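**Student:** just to be clear, the model below is a prediction. Sequence and coordinates:
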Amino acid sequence: MPATLADLGMPLVPWAAVSVVLPLTAALVAALLGRHAHHLAVPMALAGIAVAALAILDVVRHGVIETTIGGWTPPLGIALRLDGLGSAFLAVIALVGAGVTLFARAGFGPDAEGRETRRGYAFWPLVFCTIGGLAAIAVAGDLFNLYVGLELLTVTAVALVALDGKPAALAAAMRYLLFALLGSLLYLLGAAILYVAHGTLDIRLLSRSADPETATLAAVVLMTAGLMAKAALFPLHGWLPPAHGSAPAPASALLSALVVKAPFIIMLRLWFEVAPEIATSVVAQGLGALGAAGILVGSLLALRQHRLKLVIAYSTVAQLGYLMLVFPLAGGSGEQQPWSAGAWTGVVFHALSHALAKGAMFIAAGAMAEAIGDDRMDRLDGVGQHLPIAAFAFGLAAVSLMGLPPSGGFTGKYLLLTSAFASGQWWWAVVMIGGGLLAAGYLFRPLSRLLAKREQPGALLAVTRWRQAIALGLAMLSVLLGLLSLGPYELLQIGRPGSAVEGLSS
Amino acid sequence: MTAPALYGLCGAALVGIGLYGLLAGASALRRILGFNVVGSGIFLYFGSLAARHPTLAVDPVPQAMIITGIVVALAGTALAVAIAIRLHDETAPARPPGEAEDRDACDPR
């Protein structure tokens, strides 16, 4: 069988399957290794990046790659599908995952006497399982497989939030779990309705068979509500700040950068691939309005926080709001003005650069919290002098979050703004520019403290340079995504759904 | 009324009851139970749909999906109960030995 595949010029190794199996295997091995599990961090980081790079190479060479598990073709079998969107997310999962695991190596190993800690024992299997679940969602070609991936993420992400075991963390985890479980049930109910209406849950088959009908509409609405609860999109964002604020810093980086993006990938697949014909302009504008409200509420609440991690967590709520703008803006009368069809790509750019920048920011915040002992804003004065690399990483990540050129955040916002103006929907442009200004407001507060002179008593603990450099690496990648945006742009066009060009509510 | 339709309606009723419990439940334990009732309702509804064609053979795929769903719901419930117990242990005031436990043991308030 492999010989014939090679004759066809098809890829020999199903990287989509490898990218899921590898971290799940690592999770099992980490559970067996116990106090030695932190030694897996370096090899897994390298392996993850290598697999993602090879997957991207294959997608560039062969286009969309479909892997059928066990040789069963859909609708009976389950297909993994690797397209531009999926492989770009695989790359970001590998990069942020590498940053998180490398940074956590020092904090989650054995204690000073070489004994195993509860925290260290639980952390590694959970992190690798989370990475596996994320990869499964990036490559799944089937709505039920997406459900399984989502559930794997829910269980591991909630456990990561509860890892510290303090009452506040446990209460946040409980709240997160109830929101997430309700979201899963709504998603499952929607999937059941779609299966009954169409006899399959394979995304490609559904996109061929779906004609506008009540069952499809009901299913997509239920699934969207469930996914919005899981992605912390306004008005279902309430669980996110306490949960991401009380998780250990490396876990917060993983949760805020990637875990909340996974449900959004599913929303993109649902609305643009499964059932693009059911969206009316009222629905699209309504979803966009929820996004705009999320930007406003998240930013205003971020301005009022007194803990650094909560500022960053509320900023996630605000930045997730931009993702919803894809629904009214996609298309942007693309048939008359081809350059304006970039809203779909712009939103994916925004999600990717936010993942890198937010990962960098939480890791930098983790380094700062280690130095001062907690993450209260009024104790941050002068930490920039003590941790110059982490502070620079924080600033660079802030540049990307504000959407300043030349960062990846700028590229995403630029594409969205162009679509807004080209389609005459100037009000979304106002929202985006206002959101950028508010982001500058809430990010300058910690930045100005970092650069102030330290007048408080009390020594700062040391954080090694290479651990600070991890945050800097991720922040630089988020800027590079803007500087070298042409390559990722081309990659995202592979397997891009047609409705991303034509728009949803045409 | 056919049997599948009856099962489907029962499933829908369970979803409604469970959703009320999940959203309005006062204690964590009641919300977890509500989640399980919604889950059972969805599984019943989904299962009844497998026999939606009176003449054709029963569709086996929903059964496979329901089994996966039950496993997932079990895992979620186990995690939720574990967190609820831990939260109760951490926040409950210390009691002299021998005194009766709270009736609603997992109340997070």
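**Tutor:** Everything's here; your move. Residues are numbered from 1 along each chain as shown, chains lettered A, B, ... in the order given.
**Student:** quick one: list the elements packing against the top helix by length along chain B.
**Tutor:** For chain B, the helix with the greatest residue count under DSSP state H is helix B:61-91. Contacts defined by 3 or more CB pairs under 8 Å, 6 or more residues apart in numbering or on different chains; DSSP states H and E place helix B:61-91 against helix A:143-161, helix A:167-198, helix B:28-49. To be clear about C-beta, it is placed using only N, CA and C from the backbone, and glycine gets the same treatment.
**Student:** quick check, the last one touching chain A?
**Tutor:** Yes: part of helix B:28-49 sits near chain A under the criterion CB under 8 Å from any CB of the partner chain, namely B:28, B:31, B:35, B:38-39, B:42, B:45-46, B:49.
**Student:** top of those by neighbour count?
**Tutor:** B:Val38 (28 neighbours; other CB atoms under 10 Å in any protein chain shown).
**Student:** can you check the pLDDT for the residue nearest the centre of chain B?
**Tutor:** Nearest to the geometric centre of chain B sits B:Asn36, at 0.3 Å (CA atoms, centre = their mean). Predicted confidence (pLDDT) for B:Asn36: 93.
**Student:** ranges for the helices of the stretch 201-350 of chain A?
**Tutor:** Secondary structure of the stretch 201-350 of chain A (DSSP state H, counting those that start in this stretch): helices at A:203-209, A:214-230, A:240-246, A:249-254, A:261-268, A:281-303, A:308-324, A:326-329, A:343-372.
**Student:** could you dump the third one to PDB, C-alpha only?
**Tutor:** As requested, the backbone C-alpha atoms of helix A:240-246 are provided in PDB (Å, rounded to 0.1, in the frame of the first residue of the first chain):
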ATOM      1  CA  LEU A 240     -12.500  32.600  31.900                       C
ATOM      2  CA  PRO A 241     -10.800  35.300  34.000                       C
ATOM      3  CA  PRO A 242     -11.000  33.400  37.400                       C
ATOM      4  CA  ALA A 243     -10.000  30.100  35.700                       C
ATOM      5  CA  HIS A 244      -7.000  31.500  33.700                       C
ATOM      6  CA  GLY A 245      -6.100  33.800  36.600                       C
ATOM      7  CA  SER A 246      -5.800  31.000  39.100                       C
END
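**Student:** coming back round to it: chain B is nearest to which of the helices of the stretch 201-350 of chain A?
**Tutor:** helix A:214-230 (10.5 Å; CB to the nearest CB).
**Student:** for that closest one, name the packing helices and strands.
**Tutor:** Secondary elements touching helix A:214-230 (3+ CB pairs under 8 Å, 6+ apart): helix A:167-198, helix A:261-268.
**Student:** up against chain B, what does the stretch 351-500 of chain A have?
**Tutor:** So the stretch 351-500 of chain A never meets chain B (CB under 8 Å from any CB).
**Student:** and the residue in the stretch 351-500 of chain A positioned nearest to chain B, helix, strand or coil?
**Tutor:** Nearest residue of the stretch 351-500 of chain A to chain B, counting by CB to the nearest CB: A:Asp374, 19.4 Å away. Three-state call for A:Asp374 (DSSP: H, G, I helix; E, B strand; the rest coil): coil.
**Student:** and it, how many neighbours does it have?
**Tutor:** By other CB under 10 Å, the residues close to A:Asp374 number 11.
**Student:** same question for the one 10 residues further on.
**Tutor:** One way to gauge burial is a neighbour count; for A:Gly384, by other CB under 10 Å, it gives 23.
**Student:** that one and A:Leu240, how far apart?
**Tutor:** Here the criterion is CB to CB, to the nearest Å. By it, A:Gly384 lies 27 Å from A:Leu240.
**Student:** same question for B:Pro4.
**Tutor:** Relative to A:Leu240, and taking CB to CB, B:Pro4 is found at 40 Å.
**Student:** these two: which is more packed in?
**Tutor:** More crowded of B:Pro4 and A:Leu240, by other CB under 10 Å: A:Leu240, with 25 against 18.
**Student:** so who does that one touch?
**Tutor:** By CB atoms under 8 Å, 6 or more residues apart in numbering or on different chains, A:Leu240 lies in contact with A:176, A:232, A:260, A:313, A:316-317.
**Student:** go again using 10 Å as the cut-off
**Tutor:** A:172, A:175-176, A:179, A:231-233, A:255-256, A:260, A:298, A:313-314, A:316-317, A:320 (CB atoms under 10 Å, 6 or more residues apart in numbering or on different chains).
**Student:** give me the subset of those residues touching chain B.
**Tutor:** A:175-176 (CB under 10 Å from any CB of the partner chain).
**Student:** of the contacts of A:Leu240, just the buried ones, ChimeraX syntax please.
**Tutor:** Buried members of the contacts of A:Leu240, defined by 16 or more other CB atoms under 10 Å in any protein chain shown, are picked up in ChimeraX with:
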select /A:172,175,176,179,231,232,233,255,256,260,298,313,314,316,317,320
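**Student:** now do stretch B:5-25: distance to the chain's middle.
**Tutor:** Relative to the chain's own centre, stretch B:5-25 is displaced by 10 Å; criterion: CA atoms, centre = their mean, to the nearest Å.
**Student:** repeat that for stretch A:315-335.
**Tutor:** Worked out by CA atoms, centre = their mean, stretch A:315-335 lies 15 Å from the chain centre.
**Student:** how about stretch A:447-454?
**Tutor:** The answer for stretch A:447-454 is 30 Å, by CA atoms, centre = their mean.
**Student:** give the buried residues for it.
**Tutor:** Going by neighbour count (16+ other CB under 10 Å), the buried part of stretch A:447-454 is A:447, A:449-451.
**Student:** so is stretch A:132-149 next to chain B?
**Tutor:** Yes: counting by CB under 10 Å from any CB, contacts between stretch A:132-149 and chain B involve A:144-145, A:147-148.
**Student:** and the helix or strand harbouring A:Ile137 with helix A:261-268, angle?
**Tutor:** Element membership for A:Ile137, per DSSP states H and E: helix A:118-139. Relative orientation of helix A:118-139 and helix A:261-268, computed by axes from the mean of the first three to the mean of the last three CA atoms, to 10 degrees: 20 degrees.
**Student:** tilt between helix A:118-139 and helix A:143-161?
**Tutor:** Counting by the same axes, to 10 degrees, helix A:118-139 points 160 degrees away from the direction of helix A:143-161.
**Student:** mind listing what's buried in helix A:118-139?
**Tutor:** Those buried within helix A:118-139 under the rule 16+ other CB under 10 Å are A:120-139.
**Student:** now do stretch A:195-206
**Tutor:** Neighbour counts over stretch A:195-206 (16+ other CB under 10 Å) mark A:195-198, A:200-206 as buried.
**Student:** still on that earlier bit, I figured the residue of the stretch 351-500 of chain A closest to chain B was touching A:Arg307, is that so?
**Tutor:** Yes: here A:Asp374 reaches A:Arg307: they are 8.0 Å apart, a contact under CB atoms under 10 Å.
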